[in-house]
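S.K.: pasting the sequence and the predicted model now:
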Amino acid sequence: MRRTIDWDEDAVVIIDQCALPGAFSTLRLRTVDELIDAIRRLAVRGAPALGAAGALGTAMSALRHGADHAAVEADAKRLAEARPTAVNLSWGVRRALAKLPEGGQAVLVEAKAVLDEDETANRQASARAAEAILDRCARRPLRLLTHCNAGRLATVGWGTALGVVWHLHTAGHVEYVFADETRPLLQGARLTAWELAQAGVPYRVLPDSAAATAMARGLIDCVVVGADRIAANGDVANKIGTYPLALAAARHGLPFFVVAPESTVDRTLPGGEHIVIEERSAAEVTEFGGRRVAPDDAAVFNPAFDVTPADLITAVVTDQGILPLA
Ligand SMILES: CSC[C@H]1O[C@H](OP(=O)(O)O)[C@H](O)[C@@H]1O
(Lines give C-alpha, C1' and ligand atoms only; values in the text may rest on other atoms or scores of the structure.)
Protein backbone atom coordinates (compact mmCIF):
# COMPACT_ATOMS: atom_id res chain seq x y z
CA MET A 1 0.00 0.00 0.00
CA ARG A 2 1.31 3.42 -0.97
CA ARG A 3 2.88 5.46 1.83
CA THR A 4 1.05 8.65 2.79
CA ILE A 5 4.29 10.56 2.45
CA ASP A 6 7.55 9.48 0.84
CA TRP A 7 10.76 10.65 -0.85
CA ASP A 8 11.16 10.23 -4.61
CA GLU A 9 14.39 11.31 -6.38
CA ASP A 10 14.43 14.99 -5.37
CA ALA A 11 10.91 15.57 -4.08
CA VAL A 12 8.51 14.84 -1.25
CA VAL A 13 5.51 12.95 -2.59
CA ILE A 14 2.24 12.93 -0.61
CA ILE A 15 -1.25 11.61 -1.00
CA ASP A 16 -3.32 14.78 -1.45
CA GLN A 17 -5.69 14.58 1.52
CA CYS A 18 -7.56 17.69 0.38
CA ALA A 19 -8.72 15.77 -2.70
CA LEU A 20 -10.10 12.76 -0.74
CA PRO A 21 -12.56 11.13 -0.74
CA GLY A 22 -13.55 12.34 -4.20
CA ALA A 23 -10.20 11.72 -5.84
CA PHE A 24 -7.10 9.71 -4.94
CA SER A 25 -4.19 11.79 -6.21
CA THR A 26 -0.63 12.64 -5.21
CA LEU A 27 1.30 15.88 -5.02
CA ARG A 28 5.01 16.17 -5.86
CA LEU A 29 6.54 18.86 -3.65
CA ARG A 30 9.95 20.10 -4.84
CA THR A 31 10.58 23.00 -2.47
CA VAL A 32 10.29 23.70 1.25
CA ASP A 33 7.74 26.41 0.49
CA GLU A 34 5.54 23.93 -1.38
CA LEU A 35 5.81 21.50 1.53
CA ILE A 36 4.97 24.16 4.13
CA ASP A 37 1.93 25.18 2.07
CA ALA A 38 0.79 21.54 1.91
CA ILE A 39 1.21 21.22 5.68
CA ARG A 40 -0.77 24.37 6.36
CA ARG A 41 -3.57 23.31 3.94
CA LEU A 42 -3.65 19.85 5.55
CA ALA A 43 -2.87 18.21 2.21
CA VAL A 44 -0.50 16.29 4.47
CA ARG A 45 -1.63 16.06 8.09
CA GLY A 46 -1.63 13.93 11.21
CA ALA A 47 1.10 13.99 13.82
CA PRO A 48 3.29 11.10 12.59
CA ALA A 49 2.93 12.15 8.94
CA LEU A 50 3.97 15.67 9.98
CA GLY A 51 7.04 14.19 11.68
CA ALA A 52 8.01 12.63 8.39
CA ALA A 53 7.24 15.88 6.55
CA GLY A 54 9.50 17.83 8.91
CA ALA A 55 12.36 15.40 8.45
CA LEU A 56 12.03 15.17 4.66
CA GLY A 57 11.64 18.94 4.29
CA THR A 58 14.83 19.46 6.26
CA ALA A 59 16.62 16.97 4.02
CA MET A 60 15.30 18.75 0.92
CA SER A 61 16.75 22.00 2.21
CA ALA A 62 20.07 20.43 3.18
CA LEU A 63 20.47 18.91 -0.29
CA ARG A 64 19.65 22.25 -1.92
CA HIS A 65 21.71 24.57 0.27
CA GLY A 66 24.74 22.33 0.90
CA ALA A 67 27.30 24.08 3.09
CA ASP A 68 25.04 27.09 3.69
CA HIS A 69 23.90 25.74 7.05
CA ALA A 70 22.27 29.04 8.01
CA ALA A 71 19.88 28.68 5.07
CA VAL A 72 19.05 25.11 6.08
CA GLU A 73 18.46 26.15 9.68
CA ALA A 74 16.16 28.96 8.51
CA ASP A 75 14.13 26.50 6.44
CA ALA A 76 14.05 24.06 9.35
CA LYS A 77 12.65 26.78 11.63
CA ARG A 78 9.90 27.61 9.12
CA LEU A 79 9.01 23.94 8.77
CA ALA A 80 8.87 23.38 12.55
CA GLU A 81 6.62 26.42 12.95
CA ALA A 82 4.22 25.51 10.12
CA ARG A 83 1.80 23.95 12.66
CA PRO A 84 2.51 24.29 16.41
CA THR A 85 0.57 21.54 18.19
CA ALA A 86 1.79 18.19 16.85
CA VAL A 87 5.16 17.69 18.51
CA ASN A 88 6.16 15.27 15.74
CA LEU A 89 6.71 18.07 13.20
CA SER A 90 9.47 19.79 15.19
CA TRP A 91 10.73 16.39 16.38
CA GLY A 92 11.21 15.27 12.77
CA VAL A 93 12.94 18.54 11.87
CA ARG A 94 15.32 18.30 14.84
CA ARG A 95 16.14 14.68 14.18
CA ALA A 96 17.09 15.36 10.54
CA LEU A 97 18.84 18.65 11.29
CA ALA A 98 21.15 16.92 13.79
CA LYS A 99 22.82 15.18 10.84
CA LEU A 100 23.55 18.43 8.96
CA PRO A 101 27.25 18.54 9.95
CA GLU A 102 27.61 15.19 8.09
CA GLY A 103 26.14 16.65 4.88
CA GLY A 104 22.89 16.62 2.93
CA GLN A 105 22.93 12.92 2.09
CA ALA A 106 23.29 12.06 5.79
CA VAL A 107 20.28 14.25 6.55
CA LEU A 108 18.30 12.43 3.86
CA VAL A 109 19.30 9.02 5.23
CA GLU A 110 18.08 10.09 8.69
CA ALA A 111 14.82 11.43 7.25
CA LYS A 112 14.20 8.14 5.43
CA ALA A 113 14.83 6.30 8.72
CA VAL A 114 12.03 8.37 10.28
CA LEU A 115 9.69 7.07 7.59
CA ASP A 116 10.78 3.46 8.00
CA GLU A 117 10.41 3.59 11.79
CA ASP A 118 6.97 5.21 11.81
CA GLU A 119 4.96 2.35 10.34
CA THR A 120 6.71 -0.15 12.61
CA ALA A 121 5.98 1.99 15.65
CA ASN A 122 2.33 2.41 14.68
CA ARG A 123 1.87 -1.32 14.14
CA GLN A 124 3.40 -2.03 17.56
CA ALA A 125 1.42 0.67 19.38
CA SER A 126 -1.88 -0.29 17.79
CA ALA A 127 -1.34 -4.03 18.38
CA ARG A 128 -0.65 -3.32 22.07
CA ALA A 129 -3.74 -1.10 22.29
CA ALA A 130 -5.92 -3.72 20.55
CA GLU A 131 -4.93 -6.29 23.18
CA ALA A 132 -5.60 -3.80 25.98
CA ILE A 133 -9.07 -3.07 24.56
CA LEU A 134 -9.88 -6.78 24.27
CA ASP A 135 -8.81 -7.21 27.90
CA ARG A 136 -10.92 -4.25 29.00
CA CYS A 137 -14.12 -4.85 26.99
CA ALA A 138 -16.07 -8.06 27.47
CA ARG A 139 -18.54 -7.60 24.60
CA ARG A 140 -17.84 -9.27 21.26
CA PRO A 141 -17.84 -8.06 18.59
CA LEU A 142 -16.84 -4.52 19.60
CA ARG A 143 -18.54 -1.27 18.69
CA LEU A 144 -15.85 1.42 18.53
CA LEU A 145 -16.01 5.20 18.24
CA THR A 146 -13.19 7.33 16.88
CA HIS A 147 -12.60 11.01 16.20
CA CYS A 148 -10.88 12.82 13.34
CA ASN A 149 -8.50 10.64 11.30
CA ALA A 150 -5.79 8.62 12.95
CA GLY A 151 -5.41 6.10 10.17
CA ARG A 152 -2.76 5.43 7.55
CA LEU A 153 -3.44 8.92 6.16
CA ALA A 154 -2.30 10.50 9.44
CA THR A 155 0.93 8.50 9.46
CA VAL A 156 3.55 7.23 7.05
CA GLY A 157 1.66 3.96 7.06
CA TRP A 158 -0.79 1.71 8.99
CA GLY A 159 -2.24 4.26 11.43
CA THR A 160 -2.69 4.57 15.19
CA ALA A 161 -6.34 4.57 16.34
CA LEU A 162 -7.42 3.03 13.04
CA GLY A 163 -4.42 0.71 13.30
CA VAL A 164 -6.24 -0.73 16.32
CA VAL A 165 -9.32 -1.18 14.14
CA TRP A 166 -7.30 -3.04 11.48
CA HIS A 167 -5.92 -5.47 14.10
CA LEU A 168 -9.34 -6.07 15.69
CA HIS A 169 -11.22 -6.28 12.38
CA THR A 170 -8.78 -8.87 11.01
CA ALA A 171 -9.45 -10.96 14.13
CA GLY A 172 -13.23 -10.64 13.64
CA HIS A 173 -13.75 -8.47 16.72
CA VAL A 174 -15.35 -5.37 15.16
CA GLU A 175 -19.12 -5.01 14.71
CA TYR A 176 -18.84 -1.43 13.51
CA VAL A 177 -16.96 1.83 13.92
CA PHE A 178 -18.72 5.13 14.60
CA ALA A 179 -16.63 7.85 12.93
CA ASP A 180 -17.15 11.42 14.13
CA GLU A 181 -17.35 13.67 11.07
CA THR A 182 -14.99 16.04 12.92
CA ARG A 183 -15.90 19.62 12.18
CA PRO A 184 -14.79 21.94 10.76
CA LEU A 185 -12.47 20.18 8.27
CA LEU A 186 -14.31 16.82 8.33
CA GLN A 187 -11.27 14.53 8.60
CA GLY A 188 -13.60 11.84 9.93
CA ALA A 189 -16.28 12.03 7.26
CA ARG A 190 -13.76 12.50 4.44
CA LEU A 191 -10.75 10.46 5.47
CA THR A 192 -11.63 7.96 8.23
CA ALA A 193 -14.79 6.90 6.41
CA TRP A 194 -12.75 6.47 3.22
CA GLU A 195 -10.15 4.32 5.01
CA LEU A 196 -12.82 2.18 6.72
CA ALA A 197 -14.64 1.68 3.42
CA GLN A 198 -11.38 0.72 1.71
CA ALA A 199 -10.75 -1.83 4.48
CA GLY A 200 -14.30 -3.23 4.39
CA VAL A 201 -14.99 -2.27 8.00
CA PRO A 202 -18.68 -1.55 8.78
CA TYR A 203 -18.97 2.07 9.84
CA ARG A 204 -21.34 4.95 10.39
CA VAL A 205 -20.48 8.64 10.16
CA LEU A 206 -22.06 10.87 12.81
CA PRO A 207 -22.10 14.53 13.75
CA ASP A 208 -19.59 15.18 16.54
CA SER A 209 -22.51 16.39 18.66
CA ALA A 210 -24.25 12.98 18.35
CA ALA A 211 -21.41 10.98 19.95
CA ALA A 212 -22.62 11.42 23.54
CA THR A 213 -26.10 10.27 22.50
CA ALA A 214 -24.63 7.17 20.84
CA MET A 215 -22.97 6.39 24.17
CA ALA A 216 -26.15 7.15 26.14
CA ARG A 217 -28.08 4.74 23.88
CA GLY A 218 -25.57 1.96 24.62
CA LEU A 219 -24.26 1.84 21.04
CA ILE A 220 -20.56 2.21 21.91
CA ASP A 221 -18.20 -0.11 23.81
CA CYS A 222 -14.96 1.84 23.60
CA VAL A 223 -13.52 5.13 22.31
CA VAL A 224 -10.10 5.04 20.61
CA VAL A 225 -8.35 8.13 19.26
CA GLY A 226 -4.93 9.36 18.15
CA ALA A 227 -2.87 12.20 19.57
CA ASP A 228 -0.82 15.20 18.50
CA ARG A 229 1.14 15.85 21.65
CA ILE A 230 1.21 13.87 24.92
CA ALA A 231 2.54 15.70 27.98
CA ALA A 232 4.66 14.01 30.64
CA ASN A 233 1.66 13.53 32.95
CA GLY A 234 -0.43 11.84 30.23
CA ASP A 235 -2.55 14.87 29.26
CA VAL A 236 -3.29 14.57 25.53
CA ALA A 237 -3.70 17.19 22.82
CA ASN A 238 -5.80 15.88 19.96
CA LYS A 239 -8.32 17.17 17.43
CA ILE A 240 -10.90 19.59 18.82
CA GLY A 241 -13.83 17.58 20.10
CA THR A 242 -11.73 14.89 21.77
CA TYR A 243 -12.09 16.37 25.25
CA PRO A 244 -15.92 16.32 25.19
CA LEU A 245 -15.76 12.70 23.96
CA ALA A 246 -13.68 11.83 27.03
CA LEU A 247 -16.15 13.62 29.31
CA ALA A 248 -19.05 11.70 27.77
CA ALA A 249 -17.15 8.40 27.93
CA ALA A 250 -16.47 8.98 31.64
CA ARG A 251 -20.13 9.79 32.23
CA HIS A 252 -21.13 6.49 30.60
CA GLY A 253 -18.36 4.37 32.10
CA LEU A 254 -16.77 3.65 28.72
CA PRO A 255 -13.02 3.04 28.24
CA PHE A 256 -11.14 5.83 26.43
CA PHE A 257 -7.88 4.81 24.73
CA VAL A 258 -5.24 7.02 23.13
CA VAL A 259 -2.80 5.43 20.67
CA ALA A 260 0.36 7.05 19.34
CA PRO A 261 3.98 6.36 18.46
CA GLU A 262 6.51 7.38 21.13
CA SER A 263 7.50 10.35 18.92
CA THR A 264 4.21 11.99 19.95
CA VAL A 265 5.18 12.05 23.63
CA ASP A 266 6.68 15.37 24.77
CA ARG A 267 8.31 14.82 28.17
CA THR A 268 9.59 18.40 28.21
CA LEU A 269 6.05 19.51 29.07
CA PRO A 270 4.88 18.59 32.58
CA GLY A 271 1.21 18.95 31.74
CA GLY A 272 -1.29 19.69 28.99
CA GLU A 273 -1.68 23.32 30.04
CA HIS A 274 1.69 23.99 28.38
CA ILE A 275 0.67 22.63 24.95
CA VAL A 276 0.33 25.34 22.28
CA ILE A 277 -3.02 24.95 20.54
CA GLU A 278 -3.20 25.94 16.88
CA GLU A 279 -5.86 28.51 16.09
CA ARG A 280 -7.11 28.27 12.52
CA SER A 281 -8.93 30.65 10.18
CA ALA A 282 -12.44 31.94 10.69
CA ALA A 283 -13.36 30.84 7.16
CA GLU A 284 -13.14 27.20 8.25
CA VAL A 285 -16.17 27.88 10.46
CA THR A 286 -18.07 30.60 8.59
CA GLU A 287 -17.92 28.80 5.26
CA PHE A 288 -19.02 25.29 4.26
CA GLY A 289 -18.43 23.79 0.84
CA GLY A 290 -17.29 27.16 -0.41
CA ARG A 291 -20.49 28.88 0.71
CA ARG A 292 -20.81 31.38 3.55
CA VAL A 293 -22.95 29.98 6.41
CA ALA A 294 -22.46 32.78 8.95
CA PRO A 295 -22.77 36.60 8.76
CA ASP A 296 -19.90 38.42 7.10
CA ASP A 297 -18.77 40.00 10.37
CA ALA A 298 -19.16 36.87 12.55
CA ALA A 299 -16.39 36.54 15.14
CA VAL A 300 -15.07 32.97 15.41
CA PHE A 301 -13.37 30.70 17.99
CA ASN A 302 -11.59 27.94 16.03
CA PRO A 303 -8.95 26.05 18.05
CA ALA A 304 -7.83 23.05 15.99
CA PHE A 305 -7.09 20.92 19.08
CA ASP A 306 -8.10 20.48 22.69
CA VAL A 307 -6.45 18.88 25.72
CA THR A 308 -7.88 15.83 27.45
CA PRO A 309 -6.69 15.50 31.05
CA ALA A 310 -5.00 12.21 31.93
CA ASP A 311 -7.65 11.38 34.54
CA LEU A 312 -10.24 11.01 31.74
CA ILE A 313 -8.05 8.59 29.78
CA THR A 314 -8.04 4.82 30.38
CA ALA A 315 -4.62 4.34 28.81
CA VAL A 316 -2.15 6.07 26.53
CA VAL A 317 -0.57 3.29 24.48
CA THR A 318 2.62 3.70 22.46
CA ASP A 319 5.07 1.37 20.75
CA GLN A 320 7.16 1.55 23.93
CA GLY A 321 4.37 0.53 26.30
CA ILE A 322 1.43 1.91 28.24
CA LEU A 323 2.21 5.29 29.76
CA PRO A 324 1.68 5.46 33.51
CA LEU A 325 -1.06 8.03 33.95
CA ALA A 326 -1.40 10.56 36.74
C1 LIG B 1 -2.29 9.85 14.28
S2 LIG B 1 -2.19 11.53 14.65
C3 LIG B 1 -3.69 12.09 13.99
C4 LIG B 1 -4.18 13.32 14.65
O5 LIG B 1 -3.86 14.48 13.86
C6 LIG B 1 -5.08 15.11 13.53
O7 LIG B 1 -4.97 16.51 13.44
P8 LIG B 1 -4.90 17.19 11.97
O9 LIG B 1 -5.90 16.48 11.10
O10 LIG B 1 -5.25 18.64 12.25
O11 LIG B 1 -3.47 17.01 11.51
C12 LIG B 1 -6.00 14.72 14.67
O13 LIG B 1 -5.70 15.41 15.85
C14 LIG B 1 -5.66 13.26 14.78
O15 LIG B 1 -6.07 12.62 15.95
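M.R.: Thanks, I have it.

S.K.: drop to CA atoms for contacts and neighbour counts, all remaining ones
M.R.: Will do.

S.K.: ok, and the closest non-adjacent residue to the residue minimising distance to the centre of the chain?
M.R.: By CA atoms, centre = their mean, the chain has its centre lying nearest to Gly46, at 3.0 Å. Spatial nearest neighbour of Gly46, excluding adjacent residues (CA to CA, 6 or more residues apart in numbering): Ala154 at 3.9 Å.

S.K.: can you pull the pLDDT of that neighbour?
M.R.: pLDDT for Ala154: 98.

S.K.: list the contacts for it?
M.R.: Residues near Ala154 by CA atoms under 8 Å, 6 or more residues apart in numbering: 4, 44-49.

S.K.: and for Arg139?
M.R.: Arg139 neighbours (CA under 8 Å, 6+ apart): Asp221.

S.K.: tell me which helix or strand it sits in.
M.R.: Under DSSP states H and E, no helix or strand contains Arg139.

S.K.: distance of the residue nearest to the centre of the chain relative to Ile5?
M.R.: Using CA to CA, to the nearest Å, Gly46 is found at 11 Å from Ile5.

S.K.: quick check: domain ranges of the protein?
M.R.: Domain ranges of the chain: 5-118, 123-323, per automatic domain parsing.

S.K.: possible to save those domains as TSV with distance to the ligand?
M.R.: As requested, those are exported to TSV (distance: least, CA to the nearest ligand atom, whole Å):
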stretch	distance to the ligand
domain 5-118	4
domain 123-323	4
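
S.K.: for the residue lying closest to Asp221 once chain neighbours are set aside, give the beta-bridge partners.
M.R.: Counting by CA to CA, 6+ apart, Asp221 lies nearest to Arg143, which is 5.3 Å off, once chain neighbours are set aside. Arg143 has these beta-bridge partners by DSSP bridges: Tyr176.

S.K.: quick one, grab the pLDDT at Arg143.
M.R.: 99.

S.K.: residues contacting it?
M.R.: 174-178, 219-222.

S.K.: does the residue nearest to the centre of the chain touch Thr155 like I think?
M.R.: Yes: between Gly46 and Thr155 there is a contact under CA atoms under 8 Å: 6.3 Å.

S.K.: ok, and the closest non-adjacent residue to the spatially most distant residue from the centre of the chain?
M.R.: Farthest-out residue of the chain from its mean C-alpha position, per CA atoms, centre = their mean: Ala67, at 33.8 Å. Leaving aside its sequence neighbours, Ala67 sits nearest to Gly103 (CA to CA, 6+ apart; 7.7 Å).

S.K.: next one: Ser126
M.R.: The shortest distance from Ser126 to any non-neighbouring residue, by CA to CA, 6+ apart, is to Val164 (4.6 Å).

S.K.: what's the neighbour count on the one you found?
M.R.: Using other CA atoms under 10 Å, Val164 is surrounded by 27 other residues.

S.K.: list the buried residues in the host helix or strand of it.
M.R.: Counting by DSSP H and E, the element that carries Val164 is helix 161-170. Neighbour counts over helix 161-170 (16 or more other CA atoms under 10 Å) mark 161-169 as buried.
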